[in-house]
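A.B. asks: Prediction below, plus the sequence it came from.
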Amino acid sequence: MSKSLVNIKGTKFGLIFSFNMEEASFAEICAALEERLMISGDFFTNAEYSIYDENSFSQHDLVMLESIIGKYHMHKISLEAQKERKENNEDLTFQAFGGDSVMIMRGVRSGQRLNIRGNAVIMGDVNPGGEIVASGSILIMGCCRGLLHAGAEGDKNTFIVAYSMAAQQLRIAEHVATLPDDVGNSPLKMATLKDSNIIITDYHPQYFNTEAEVYKEYKGVNP
């Protein structure tokens, strides 16, 4: 029942919370919201959010909702701010010549998209609603809760490695996958393409010894 009372929509410009006030009392909405966020753990940490149709709530009720969401370290922005971001198009494009790697010395916030020509190395977290699109492979030196697209120009030999893999969606070339529930708790996860399926395994350096021939063309990766 609680899931139908609380809906969380992830967009590239932030999260949008909406509530089914016709089906329950405000107290039940608050309880359902608390339950939903508790189950999610730290999945939405550092995400930016807005509340749909917040004018339908009294100021007191709105403060109550915001206090519950704030306990899970999310930051409120207005729907108007989300629309403004969309209009201003916050996509950022980087290019590494010769297929080398681009190192981004920060995380990727909700609503931000990085377009990278080459391999992408992100020295931080990718928050929910954040997106990285790279023609090469992607390495995240933090937690990934956003969307990652490696091999965006069709290279099926690319891969994705994250220190903590909790991505909303993974793409390699034209193939798409969502994260399975049993991804495990090892510190490093690796996503590769095998037989047209994206598979997620523990990262092992030996992979690049046995498969080195596949990656020789990438100057940004040293087998």
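C.D. replies: Structure received.

A.B. asks: Poorly predicted segments of this structure, please.
C.D. replies: 1-3, 11-13, 42-43, 82-83, 85-99, 180-186, 206-223 (pLDDT under 70).

A.B. asks: name the element Cys30 belongs to?
C.D. replies: For Cys30, the element it lies in under DSSP states H and E is helix 26-40.

A.B. asks: which ones are touching the residue nearest the centre of the chain?
C.D. replies: By Cα atoms, centre = their mean, the mean C-alpha position of the chain lies nearest to Gly146, the distance being 0.5 Å. The contact partners of Gly146, taken as Cβ atoms under 8 Å, 6 or more residues apart in numbering, are Val108, Ser110, Val126, Asn127, Pro128, Gly129, Gly130, Glu131, Ile132, Ala167, Gln168. C-beta coordinates here come from the backbone N, C-alpha and C atoms, glycine included.

A.B. asks: From those residues, pick the one nearest Ile199.
C.D. replies: Ala167 (14.0 Å; Cβ to Cβ).

A.B. asks: and the closest one, what is it in contact with?
C.D. replies: Val126, Cys144, Arg145, Gly146, Leu147, Leu148, Leu179.

A.B. asks: Isn't the second one up against Ala162?
C.D. replies: Yes: contact status for Cys144 versus Ala162: in contact at 4.3 Å, counting by Cβ atoms under 8 Å.

A.B. asks: Same list (the contacts of Gly146) but as TSV, adding distance to Leu188 and secondary structure.
C.D. replies: Putting the contacts of Gly146 into TSV (distance: Cβ to Cβ, whole Å; DSSP: H, G, I helix; E, B strand; the rest coil) gives the following:
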residue	distance to Leu188	secondary structure
Val108	19	strand
Ser110	24	coil
Val126	15	strand
Asn127	19	coil
Pro128	21	coil
Gly129	24	coil
Gly130	20	coil
Glu131	21	strand
Ile132	17	strand
Ala167	14	coil
Gln168	19	coil
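
A.B. asks: Which member of the residues you listed is positioned nearest Ile39?
C.D. replies: Pro128 (15.0 Å).

A.B. asks: burial of that closest one, as a residue count?
C.D. replies: Residue crowding around Pro128 was assessed by other Cβ atoms under 10 Å; the count is 29.

A.B. asks: Please list all residues in contact with it.
C.D. replies: Gly10, Leu15, Phe43, Phe44, Ala47, Ser110, Arg145, Gly146, Gln168.

A.B. asks: can you name the two of those that are farthest apart?
C.D. replies: Phe43 and Ser110, at 12.4 Å, using Cβ to Cβ across the contacts of Pro128.

A.B. asks: Those two: which has the busier surroundings?
C.D. replies: Per other Cβ under 10 Å, whichever of Phe43 and Ser110 has more neighbours is Ser110, with 28 against 14.
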